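> I'll drop the sequence and a predicted model, then ask my questions.
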Amino acid sequence: MRHKKLISFALPVAMILILNGVNIMNLYGGTVHWEYHGPHGPDHWGELDPAFETCATGTSQSPIDFTSNGITQYGFSEGLDISYSSSPVELKNNGHTVVFSYQPGSFINFNGKTFELLQFHFHARSEHTINGRHTALEAHLVHKASDGQLLVIGVLFDLGSPNQFVSKFWDNLPTEHLTFSSSNTVNVEDLVLDQAGYLAYSGSLTTPPCSEGVQWIGLNQIQPVSADQFNAYFNLFGEDTYRPTQPLNGRDVTFYFKTES
Ligand SMILES: [Zn+2]
């Protein structure tokens, strides 16, 4: 008798799961489809999946607009404490960005904590803005500490001369869902030029699930990128791939001046 009851209960449950394809995906570890525009765009990320709720309810979200009025603290910096090695990279187009996976062994120390570089990737146009203005591109260098905390360095690119760093990959950017290894080795130290200081604040992932507690460092030194290089990246996705800026909600933004050496 017990078995019969179980079967009669299980059948309608199975039908509900089949009718609701999105939920069945979640049960089996699939990812919910999100985009940068339209009904699956940033304004709706928080509604697409319970796991994305922080995108709508979070109070320390990224990106933000950097303005001189928004700076709440000042500090002196002797330069970022970075120890990056050269690495071959694997390029993967995941439909939202191109991720350049870095080999283990590259680190940044920030406020007494060590974070290891995992990967870098790009957004077009920039996610962080300066007085409301987007630059052409933004690179995110994603680092992780042994306790799981993330630290992301944001590097902005404005239209100008060709960028030597990106030129190593730009002729061979992977189209959607393709992955390949580059024969070129790079050192992200070439991107992290901090002669002009940097801004630091506590924020979030800029893509679902928008998890908070991410330490952000925004370099005050802007890299050049040529119009051809910008177009080559932009045309991979054919649309802007940034999340709009989020309210500060009273968070501190610290500007670290580079001291003369
Ligand atoms: Zn990013």
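Thanks, I have it.

> ramachandran angles for the nearest residue to residue 32 once chain neighbours are set aside?
Spatial nearest neighbour of residue 32, chain neighbours left out: residue 49 (4.3 Å); criterion: Cβ to Cβ, 6 or more residues apart in numbering. All C-beta spots, glycine's among them, are computed from the backbone N, C-alpha and C. Note on residue 49: its backbone torsions stand at phi -160, psi 140 [degrees, to the nearest 10].

> what number of residues lie near residue 49?
If you count neighbours by other Cβ atoms under 10 Å, residue 49 ends up with 19.

> report pLDDT for it.
Looking at residue 49, its pLDDT is 96.

> can you start the count at 331 instead of 1 from here on
With the count now opening at 331, the last piece we talked about shows up as residue 379.

> is it true that it touches residue 538?
Yes - using Cβ atoms under 8 Å, residue 379 is in contact with residue 538, at 7.3 Å.

> so what sits against both of those two?
residue 362 (Cβ atoms under 8 Å, 6 or more residues apart in numbering).

> all helices for the stretch 481-591 of the chain, in order.
494-497, 557-567 (DSSP state H, counting those that start in this stretch).

> and what of the stretch 331-480 of the chain?
All helices of the stretch 331-480 of the chain, identified by DSSP H, counting those that start in this stretch, fall at 332-349, 351-357, 375-378, 384-387.

> ok, now which ones touch the closest residue to residue 462 other than its chain neighbours?
Distances taken as Cβ to Cβ, 6+ apart place residue 395 nearest to residue 462, at 5.9 Å, with adjacent residues excluded. Counting by Cβ under 8 Å, 6+ apart, residue 395 touches 458-462, 575.

> hmm, 10 Å instead?
Counting by Cβ atoms under 10 Å, 6 or more residues apart in numbering, residue 395 makes contact with 458-464, 574-578.

> what do you get for residue 525?
409, 549-551, 588, 591 are the contacts of residue 525 under Cβ under 10 Å, 6+ apart.
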